[in-house]
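Engineer: Have a look at this fold, sequence not included:
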């Protein structure tokens, strides 16, 4: 069986929260957020220190940018879905750090749904890794369970604080 026909595991993590802001405000803050303000590192996971080579205003399918990390590595990010104000998706690939040995890509997806009666927006964020080989699965599972959920939770909590403080 060719590699393209093999079933990959796509290890994933999902976090969610309710934000006291309307759906449009929440979407328009999170999608183009300054990554350095929410990805500040988590244990051995590096912080985002910047982006470069961004195409467009980060609001359309096909736009790309390079994400720079505190360990000196980088990755390419590509918008794959943009459905204002409900859904946003992206793929991260071309890793230059240690992750390049474990994964081929990662896919992030955000869903936004409003509760008009409470004025809150529910935000759900799913991040899935596509492993490079079956041998990477136990290492990725450990990273997901011990570190990645915390990294995501911290970033989403910082988004919540930023949005609620601004409204």
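Structural biologist: Looks like it arrived, so ask away. Keep in mind the model is a prediction, meaning the values are calculated, not measured. Residues are numbered from 1 along each chain as shown.
Engineer: Every contact and neighbour count from this point should use C-alpha atoms.
Structural biologist: Fine.
Engineer: Backbone torsions only: list them for residue 153.
Structural biologist: Note on residue 153: its backbone torsions stand at phi -60, psi -40 [degrees, to the nearest 10].
Engineer: just checking, it touches residue 17?
Structural biologist: No: using CA atoms under 8 Å, residue 153 makes no contact with residue 17, being 9.1 Å away.
Engineer: where along this structure do the strands fall?
Structural biologist: For the chain, applying DSSP state E gives strands covering 11-19, 48-52, 64-69, 74-83, 87-93, 103-115, 120-131.
Engineer: Now residue 53: closest residue in space, sequence neighbours ignored.
Structural biologist: Nearest residue to residue 53, sequence neighbours excluded (CA to CA, 6 or more residues apart in numbering): residue 65, at 5.3 Å.
Engineer: Any idea how many residues pack against that neighbour?
Structural biologist: Look at residue 65: counted by other CA atoms under 10 Å, it has 18 neighbours.
Engineer: and it, bridged to which residues?
Structural biologist: Counting by DSSP bridges, residue 65 is bridged to residue 77.
Engineer: ok, now which ones touch it?
Structural biologist: Contacts for residue 65 (CA atoms under 8 Å, 6 or more residues apart in numbering) come out as 51, 52, 53, 54, 55, 76, 77, 78.
Engineer: what's the spacing between it and residue 104?
Structural biologist: Computed as CA to CA, to the nearest Å, the residue 65 to residue 104 distance reads 17 Å.
Engineer: returning to that earlier point: of the contacts of residue 65, which is the most crowded?
Structural biologist: residue 77 (24 neighbours).
Engineer: and residue 1, what pLDDT?
Structural biologist: pLDDT for residue 1: 38.
Engineer: ugh, wrong one, I meant residue 167
Structural biologist: pLDDT, residue 167: 85.
Engineer: just residue 38 next, same as before
Structural biologist: Looking at residue 38, the pLDDT reads 98.
Engineer: so how far is residue 130 from it?
Structural biologist: For residue 38 relative to residue 130 (CA to CA), the value is 23 Å.
Engineer: any idea which residue sits dead centre in this protein?
Structural biologist: residue 108 (4.6 Å; CA atoms, centre = their mean).
Engineer: Can you name the residues that contact the closest residue to that one other than its chain neighbours?
Structural biologist: Nearest residue to residue 108, sequence neighbours excluded (CA to CA, 6+ apart): residue 127, at 4.4 Å. By CA under 8 Å, 6+ apart, the contact list for residue 127 reads 12, 13, 14, 106, 107, 108, 109.
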